[in-house]
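A.B. asks: Following is a predicted model, sequence given first.
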Amino acid sequence: MDWKIELVAIPVTDVDRAKAFYVEQVGFNADHDYQVSDELRFVQLTPPGSACSVVMGTGVTEMPPGSQKGVQVVVADVQAAREELLAHGVPASDVDVQPWGSFVTFSDPDGNTWALQQIPRGRSRLLAAPVPAGGNRAFGRGHPAIGRAGMGGPVGRGARRVPASHLPAAGPRGWRRRVICASKGVPFTPRFARRIRR
């Protein structure tokens, strides 16, 4: 059974100001704006192309305004996204280039912060997976030692060697952790590890 994130609350002080910021300056789509009562107003906005929306309003969250930090979205071109934000009057950080992605951050008028990430070309959306003791291969994303290595398929084509010192220390029986490949649903088992080491 899939559990999909559908809605993230953004706590704001002035709903109209926040809605105008996200729609007119950031470029979100305005889905709904319902004034249910004097105590409840529900505003739903969706970033372009996103399956997850954000909600703000009156009576929709108990978080204090500005306390939502580090919501992250993925874009195809983080430099172009930054230039678009700046063109619409949104202060944005310089591009921060890391081996696992390039990032730009910005905040809304209340101080809620966002991060835009551009995933490096050739990288797949997979979890980092340490292999049993004795091996020193890694694949996927999420560990600084992996850099631009990606998955070419369910058995790890395209995995590159990294120094063993860059991987977490293994226990006496080696790594037995099951890591699910996000795109294929393939469990990382000892048998799967033997296929990679060949």
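C.D. replies: Thanks, I have it.

A.B. asks: now the helices for this protein?
C.D. replies: Applying DSSP state H to the chain gives helices spanning 15-20, 78-87, 190-197.

A.B. asks: Pull up the distance across stretch 76-95, start to finish.
C.D. replies: 14 Å (CA to CA, to the nearest Å).

A.B. asks: Low-confidence regions, the protein specifically.
C.D. replies: By pLDDT under 70, the low-scoring segments of the chain are 123-198.

A.B. asks: where exactly do the strands run in it?
C.D. replies: Remark: strands assigned in the chain by DSSP state E are 7-9, 29-37, 40-46, 53-58, 71-74, 96-98, 101-107, 113-118, 137-138, 160-161.

A.B. asks: how about those, which one is nearest Ala87?
C.D. replies: With distances scored as CB to CB, the stretch of the strands of the chain nearest to Ala87 is strand 101-107 (12.9 Å). Any C-beta I mention is one placed from the backbone N, CA and C, and that applies to glycine too.

A.B. asks: what's that closest one packed up against?
C.D. replies: For strand 101-107, the elements it packs on are helix 78-87, strand 96-98, strand 113-118, judged by 3 or more CB pairs under 8 Å, 6 or more residues apart in numbering; DSSP states H and E.

A.B. asks: out of those, nearest to Val15?
C.D. replies: Of all the helices and strands packed on strand 101-107, strand 113-118 comes closest under CB to CB, at 18.1 Å.

A.B. asks: contacting residues around Asp108?
C.D. replies: Asp108 makes contact with Ile10, Val12, Ala18, Phe21, Tyr22, Trp114, according to CB atoms under 8 Å, 6 or more residues apart in numbering.

A.B. asks: Going by distance to Gln68, which of these wins?
C.D. replies: Ile10 (5.4 Å).

A.B. asks: one step back: would you reformat the strands of the chain as JSON lines and include distance to Ala81 and mean neighbour count?
C.D. replies: Output for the strands of the chain, formatted as JSON lines (distance: least, CB to CB, whole Å; neighbours: other CB atoms under 10 Å):
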{"stretch": "strand 7-9", "distance to Ala81": "19", "mean neighbour count": "13"}
{"stretch": "strand 29-37", "distance to Ala81": "16", "mean neighbour count": "12"}
{"stretch": "strand 40-46", "distance to Ala81": "16", "mean neighbour count": "18"}
{"stretch": "strand 53-58", "distance to Ala81": "17", "mean neighbour count": "20"}
{"stretch": "strand 71-74", "distance to Ala81": "9", "mean neighbour count": "14"}
{"stretch": "strand 96-98", "distance to Ala81": "13", "mean neighbour count": "12"}
{"stretch": "strand 101-107", "distance to Ala81": "7", "mean neighbour count": "18"}
{"stretch": "strand 113-118", "distance to Ala81": "5", "mean neighbour count": "19"}
{"stretch": "strand 137-138", "distance to Ala81": "29", "mean neighbour count": "20"}
{"stretch": "strand 160-161", "distance to Ala81": "29", "mean neighbour count": "11"}
